[in-house]
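1. Turn this into a model:
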Amino acid sequence: MCSWCWAFRPSLNALLAELPEQIDVIRLLGGLAVDSDEPMPDATKAYVQRNWQAIEQRVPETKFNYDFWEYCQPRRSTYPACRAVIAARAQGKEFDKKMTLAIQQAYYLQARNPSDVSVLTELAIEVGLDKDKFNAGLLSAETDEILQKEINLSRQLGLNSFPGLLLDTGDKQIRIDPEYLNADIMLKKMLPCF
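-> Numbers count the residues shown, from 1 in each chain. Next up is the predicted model:
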């Protein structure tokens, strides 16, 4: 549910397609905003909408459906969506990316609120997950523990902003700045390290 991550998705996919096969890619959830049932304050709504507009200017291919702000009850709560990715991942590694994309499309294009468990359940069904297993996993203490571990690891690695990329060569860790329009810039920074 990070709008900059949504904008970064095409460039990230292009980068991943060009990486050498021996590179292990590990995706970590960073959390962003803790659980909350409180409606998003007007100032926060305005801030997020300004971010969407800034992204559209900087990364023109990125689209947002502003109907979200009219038809949904926004909350500053991204942990449910993070737990949904973990619960999806438990049914097969391939569901990590599928659920992530489904959440992003729901939020940014379909004006559906992935802070709502009901929306996350709908998305799980849409990507082919077993609904009962998904719901059990979504609400489990084990899923929350995995999320907390991923958040803590992200912070330990210094990945405190989203999106964040870190290349670990075994000898050193190199922070790679996200490039939203040209994946080749990131690849050129990484290739000498292999």
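2. how about the strands in the chain?
-> Under the criterion DSSP state E, the chain contains strands at 165-168, 173-176.
3. among these, which is the most enclosed?
-> strand 165-168 (a mean of 15; mean count of other C-beta atoms under 10 Å). For every residue, glycine as well, the C-beta is placed using N, CA and C.
4. So what touches it?
-> Contacts with strand 165-168, where a contact means C-beta atoms under 8 Å, 6 or more residues apart in numbering, come from 157-159, 173-178, 186, 190, 193.
5. at 6 Å what do you get?
-> Contacts to strand 165-168, defined as C-beta atoms under 6 Å, 6 or more residues apart in numbering, come from residues 157, 173-176, 190, 193.
6. Then stretch 132-139?
-> Contacts with stretch 132-139, where a contact means C-beta under 6 Å, 6+ apart, come from 83-84, 87, 90, 124, 143.
7. now swap in stretch 179-192 and tell me
-> For stretch 179-192, the external contacting residues (C-beta under 6 Å, 6+ apart) are 7-8, 11, 14-15, 18, 59, 167, 176.
8. quick one: buried residues of it?
-> Within stretch 179-192, the residues that qualify as buried are 179-180, 183, 186-187, 189-190, counting by 16 or more other C-beta atoms under 10 Å.
9. Now the terminal residues of it, how far apart.
-> In stretch 179-192, first residue to last residue: 18 Å (C-alpha to C-alpha, to the nearest Å).
10. Surely Val119 and Gln110 touch.
-> No. The pair formed by Val119 and Gln110 falls short of the contact definition of C-beta atoms under 6 Å, at 9.4 Å.
11. So between these two, which is more surrounded?
-> Ranked by neighbour count (other C-beta atoms under 10 Å), Val119 and Gln110 place Val119 first, with 21 against 16.
12. Nearest spatial neighbour of the more buried one, chain-adjacent residues omitted?
-> Of all residues not flanking Val119 in the chain, Arg112 sits nearest, at 5.0 Å (C-beta to C-beta, 6 or more residues apart in numbering).
13. Quick check: pLDDT value at the one you found.
-> Note on Arg112: pLDDT of 98.
14. surely it meets Ser118?
-> No. Contact between Arg112 and Ser118 fails when scored by C-beta under 6 Å: they sit 9.6 Å apart.
15. And these two? Which one has more around it.
-> Neighbours were counted for Arg112 and for Ser118 using other C-beta under 10 Å; Arg112 has more, 22 against 9.
16. What separation is there between the more buried one and Lys188?
-> Here the criterion is C-beta to C-beta, to the nearest Å. By it, Arg112 lies 38 Å from Lys188.
17. so what's Ile174 bridging to?
-> Leu167 (DSSP bridges).
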